[in-house]
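[1] structure of the sequence below:
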Amino acid sequence: MKKICACAAVSLVLAFSGTAFGAVSAGQFSVSPMIGGYTYDGGQHLDTAPVYSLRGGYSFT
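    Here you go, the predicted structure:
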């Protein structure tokens, strides 16, 4: 049962990740979530942390 659920979850992620929007319409507004993080090398002794943000865009064409 766990294998079936895992396969179904992976299939759904792959199905929705392939969706692309190639057309840019006049007056179109878009919002894109971004997830990332940063880390430091060496002896700086700074903490690593995740970064979350939203990006918005508007087409003036």
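[2] neighbours around Gln28, how many?
    13 (other CB atoms under 10 Å). Just so you know, the C-beta spots here come from the backbone N, C-alpha and C atoms, and that holds for glycine as well.
[3] helices of this protein, residue ranges please.
    2-17 (DSSP state H).
[4] of all residues in it, which one is nearest the centre?
    When CA atoms, centre = their mean is applied to the chain, the residue found nearest the centroid is Met34 (4.7 Å).
[5] state the pLDDT value of that residue.
    The model reports Met34 with a pLDDT of 86.
[6] so it sits against Leu54, correct?
    Yes: using CB atoms under 8 Å, Met34 is in contact with Leu54, at 7.3 Å.
[7] could you find the closest non-adjacent residue to the residue nearest to the centre of the chain?
    Among residues not flanking Met34 along the chain, Ser53 sits closest, at 4.9 Å (CB to CB, 6 or more residues apart in numbering).
[8] any idea how far Tyr38 is from that neighbour?
    Using CB to CB, to the nearest Å, one obtains 13 Å as the distance from Ser53 to Tyr38.
[9] now do Cys5
    Cys5 sits 33 Å away from Tyr38, going by CB to CB.
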